[in-house]
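Q: pasting the sequence and the predicted model now:
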Amino acid sequence: MLFVIWLVPLLGAILCWAFGPQLKRAAGVLGSAAIAVSFIATVASWGAATQNGGTHQFLFSWLRGFDFGLLFDPLALIWVLIITGVGFLIHLYSVGYMWNDNAVARFFAYLNFFVFAMLTLVLSDNFAGLLVGWGLVGLASYFLIGFWFFKPSAVAAARKAFVINVVGDVGIMFAIFMMFSRIGTVTYAGVFANPHALDPWLFWICVFLFIGAAAKSAQLPLHTWLPDAMEGPTPVSALIHAATMVTAGVYLVARCAPLWSASHDAQTLVGTVGALTALAGAVLGIAQWDIKRILAYSTMSQIGYMIMGVGVAAYTAGVAHFFTHAFFKACLFLGSGIIIHALSDEQDIRLMGGMRKRLPVAFWAMGFAVFAISGCPPFAGFFSKDQVIYGALEHGYVWMWAVGLITAGITSYYMFRLFIVTFFGTYRGELKPEAVGIAEESSSAAQAAGSSVIAHEHSEPHGHENGHAPGWIMAVPVAILGLFSLVAGWIMAGQNSPWARFFASSFPREALPPATVTEGVTSGIAIAMFLIGLGVAYMRYGTREALANAPARLKRESETLPAVLVNLYYFNEILDWLFVRPAQALGQFFGRWMDPHFVDGVVREIVMTNRFLGTLMRSFQTGLLRAYALIVVFGAMCFAVYYALEGAMR
């Protein structure tokens, strides 16, 4: 059954790629069916994953210490359920979203290949196999982000994502080299059996592993590829940012829990980066107007929560937030796709408004997801986020606990800002960005601070003209994800919850001193922060006066945003100066000087030398018999003189 889970998506990718011209739109059905089969097989294998520590399937040995196999345990089960379950809903949604795209078969081939790559990463029982999956995921994301390759911005975004993820690949490679040099194996069982056998390199092994996790999960300072990845189709954003790729770093840290539990310094490092990323991403969400970029920065922030949780050894909490996040974030992205489709590819929320009655499915589903991501009880995000925040306090990281609570309030504010501006008031999109002065967003920087919104009329939006897929194909997955945004967290309620029991034996347990603040108090403060964020968003955007004056208010806010937020903390510029420009300068040096004058020069010298020697040797080939006889006589005389002198010297 493990092979069915793992290989059926690869089979679907091959078939979609090989028979794409014949399949056309049917490729969407085939691709979705492949993921559905994998999901059904996963559910059928529940017992195999949860009993006796899971199932292990040996595959082959490559070199001594490099044994490859599959491991299907409770941690892998949760990830595989999300990858295939939410992945299937995204595939089904994509059938409708990509209905009129000429390359629909190629799209589903890439999508299936992406799922196969994630399954390879998650199901591997060793670090080398994980690295293979890690690299394949990066390759698949390159294909998907740059799917519309005729757009220069999409190509640039795909290249940026690929390069930054390769940085993470190199980090994991160094960690593997260090592990193998210390203990002679890269299997999880061999490495985790005695983490202290990796001393004195344990901390640095964790650091290099976390470089890989930070690059894949868009943690500071390797986060800059994430908002640019919005250049791909919206289902790609949902698959990458909700269910799969960006959570790979969370999986890596959770899988390596024995290593992190053995290195307190590594825990502090990872928790710190996660907490700072959560706060930084939330603040950047305030400064965005593109609906997908707002969701991208919210993903960065929420992944920061997860990394903070698993980093401080609250592993169950971090994985719980991964689980709930997959539902509400996929719902938000797919719901935004419905809006973008309805508005003829408009993504600026300042040019939306009044979508509540026109798009009721998107309104209700995204409403549930917004309440979930904001931490409102009894929605799913409340339970998982509360566990992460309290987990930081429980493990002694008071400042991370405070950052988590502050970030919760900011999240509530900017998510309800998105919700109110998009769905309430009147439609503001009669005039397009170029007509009202809104600067077009590039793939590497936010829009200019001086942009404006002056459209005030509420003309009717219209969708694509070339025919539509049946409406339910896009509506049903969004509705299902909206429902799970409500109920997915209920299994986490209480100290002895089904979720806690499920992972009871999966992670290292440590005795903790009593926290200075109870979990109930933490929950109360988190709810208060949610209400404050909601209240501020309502007062600024949701009152009758605010809705009536929305165009002027949004214009004024666009013009007064701090430059540091508009320019995304200048991270792109800093990375450009530190790495991109030096790399380009080095490339130009080699291209203009080293290659033509040294490399090509050596080749030219070899050619000229051989040509000279050939000319010289050819000069001896006269074709005259007396000349050849003279050479033979001269050679014989040389030998005679040599031997005569040698005899005289004796």
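A: It's in. Numbers count the residues shown, from 1 in each chain.
Q: which residues in the stretch 301-450 of the chain form helices?
A: Ranges of helices in the stretch 301-450 of the chain, per DSSP state H, counting those that start in this stretch, are 315-342, 355-358, 360-373, 380-394, 398-423, 433-436.
Q: wait, what's in contact with the residue nearest the centre of the chain?
A: What sits nearest the mean C-alpha location of the chain, by Cα atoms, centre = their mean, is Val246, with 3.2 Å. For Val246, the contacting residues are 216-218, 226, 240, 299, 303, taking Cβ atoms under 8 Å, 6 or more residues apart in numbering as the criterion. All C-beta atoms are positioned from the backbone trio N, CA, C, and that covers glycine.
Q: hmm, who's touching stretch 141-148?
A: Stretch 141-148 is touched from outside by 103, 106-107, 110-111, 113-114, 154-155, 157-159, 161-162, 165, 228-229, 231-233, 236, 239-240, 245, with contacts defined as Cβ under 8 Å, 6+ apart.
Q: just the residues you listed: which are in helices?
A: In helices, defined here by DSSP state H, the members of those are 106-107, 110-111, 113-114, 154-155, 157-159, 161-162, 165, 228, 236.
Q: so where is the chain shaky, pLDDT-wise?
A: Applying pLDDT under 70 to the chain flags residues 242-243, 430-470.
Q: which SSE is His56 in?
A: Assigned by DSSP states H and E, His56 belongs to strand 55-61.
Q: strand partners (parallel or antiparallel) of that strand?
A: Looking at strand 55-61 with DSSP bridges, its paired strands and their directions are strand 67-72 (antiparallel).
Q: buried ones in the strand holding His56?
A: Within strand 55-61, the residues that qualify as buried by neighbour count (16 or more other Cβ atoms under 10 Å) are Thr55.
Q: show me how far that strand is from its chain's centre.
A: Counting by Cα atoms, centre = their mean, to the nearest Å, strand 55-61 is centred 28 Å from the centre of its parent chain.
Q: what does it rub up against?
A: Outside strand 55-61, the residues touching it (Cβ under 8 Å, 6+ apart) are 2-3, 45, 48-49, 67-73, 125.
Q: quick one: contacts of stretch 165-184?
A: Outside of stretch 165-184, the residues that reach it under the criterion Cβ under 8 Å, 6+ apart are 64-65, 127-128, 130-131, 134-135, 137-138, 141, 185-186, 190-191, 194, 197-198, 201, 204-206, 208-216, 222, 225.
Q: now, of the contacts of strand 55-61, which are buried?
A: Among the contacts of strand 55-61, those classed as buried by 16+ other Cβ under 10 Å are 2, 45, 49, 67-73, 125.
Q: I'd say Arg553 and Ala546 touch.
A: Yes: with contacts defined as Cβ atoms under 8 Å, Arg553 counts as touching Ala546 at a distance of 6.3 Å.
Q: what's around the closest residue to Thr522 other than its chain neighbours, how many residues?
A: Using Cβ to Cβ, 6 or more residues apart in numbering and skipping residues adjacent in sequence, the residue nearest Thr522 is Tyr390, 4.6 Å away. Residue crowding around Tyr390 was assessed by other Cβ atoms under 10 Å; the count is 24.
Q: shouldn't Tyr390 be in contact with Ala515?
A: Yes: with contacts counted by Cβ under 8 Å, Tyr390 reaches Ala515, the gap being 7.5 Å.
Q: distance check, Asn567 against Leu561.
A: 10 Å (Cβ to Cβ, to the nearest Å).
Q: sorry, that was for Met178
A: 44 Å.
Q: tell me which of the two has more neighbours.
A: Just comparing Met178 and Leu561: by other Cβ under 10 Å the higher neighbour count belongs to Leu561, 20 against 17.
Q: coming back round to it: for the contacts of Val246, which one is nearest Phe612?
A: Distance to Phe612 across the contacts of Val246 (Cβ to Cβ) is lowest for Lys216, with 56.0 Å.
Q: related to what we said a few turns ago, which of the buried ones among the contacts of strand 55-61 are the two that sit furthest away from each other?
A: Farthest-apart pair in the buried ones among the contacts of strand 55-61 is Ser45 and Asp67; separation 22.0 Å (Cβ to Cβ).
Q: could you dump the contacts of Val246 to JSON lines with neighbour count, secondary structure and distance to Arg350?
A: Listed next are the contacts of Val246 as JSON lines, based on neighbours: other Cβ atoms under 10 Å; DSSP: H, G, I helix; E, B strand; the rest coil; distance: Cβ to Cβ, whole Å:
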{"residue": "Lys216", "neighbour count": "30", "secondary structure": "helix", "distance to Arg350": "32"}
{"residue": "Ser217", "neighbour count": "30", "secondary structure": "coil", "distance to Arg350": "30"}
{"residue": "Ala218", "neighbour count": "31", "secondary structure": "coil", "distance to Arg350": "25"}
{"residue": "Leu226", "neighbour count": "27", "secondary structure": "helix", "distance to Arg350": "22"}
{"residue": "Ile240", "neighbour count": "28", "secondary structure": "helix", "distance to Arg350": "26"}
{"residue": "Thr299", "neighbour count": "29", "secondary structure": "helix", "distance to Arg350": "21"}
{"residue": "Ile303", "neighbour count": "32", "secondary structure": "helix", "distance to Arg350": "27"}
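Q: show me which pair in those is furthest apart.
A: Pairwise distances among the contacts of Val246 were taken by Cβ to Cβ; the largest, 12.5 Å, belongs to Lys216 and Thr299.
Q: out of the contacts of stretch 165-184, which are inside strands?
A: Using DSSP state E to define strands, no part of the contacts of stretch 165-184 is located there.
Q: give me the buried subset of these.
A: Neighbour-count burial (16+ other Cβ under 10 Å) applied to these gives 65, 127-128, 130-131, 134-135, 137-138, 141, 185-186, 190-191, 198, 205-206, 208-216, 222, 225.
Q: the stretch 501-650 of the chain: helices as residue ranges?
A: With DSSP H, counting those that start in this stretch, the ranges of helices along the stretch 501-650 of the chain come out as 519-537, 544-548, 550-560, 563-566, 571-575, 581-589, 600-619, 625-649.
Q: to Ala18, which of the ones you listed lies closest?
A: Of all those, it is helix 581-589 that lies closest to Ala18, at 37.1 Å by Cβ to Cβ.
Q: show me what contacts Val186?
A: The contact partners of Val186, by Cβ under 8 Å, 6+ apart, come to 65-66, 126-128, 176, 179-180.
Q: between those, which sits nearest Val632?
A: Using Cβ to Cβ, Phe66 is the member of the contacts of Val186 that lies nearest Val632, at 63.5 Å.
Q: what's near enough to touch the closest one?
A: Contact partners of Phe66, counting by Cβ under 8 Å, 6+ apart, are 126, 128, 186.
Q: in TSV, list those along with distance to Lys329.
A: Written out in TSV, the entries for the contacts of Phe66 read as follows (distance: Cβ to Cβ, whole Å):
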residue	distance to Lys329
Asn126	30
Ala128	31
Val186	32
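Q: looking at those, spot the one nearest Gln288.
A: For those, the closest approach to Gln288 (Cβ to Cβ) belongs to Ala128, at 39.0 Å.
Q: pretty sure that closest one contacts Phe68?
A: Yes: applying Cβ under 8 Å, one finds Ala128 in contact with Phe68, separated by 7.0 Å.
Q: find the residues that touch each one of these two.
A: Taking Cβ under 8 Å, 6+ apart as the contact definition, Ala128 and Phe68 share the neighbouring residues Trp62.
Q: what helices or strands is the helix or strand hosting Pro21 leaning on?
A: When secondary structure is defined using DSSP H and E, the element that contains Pro21 is helix 20-23. Applying 3 or more Cβ pairs under 8 Å, 6 or more residues apart in numbering; DSSP states H and E, one finds that helix 20-23 contacts helix 104-123.
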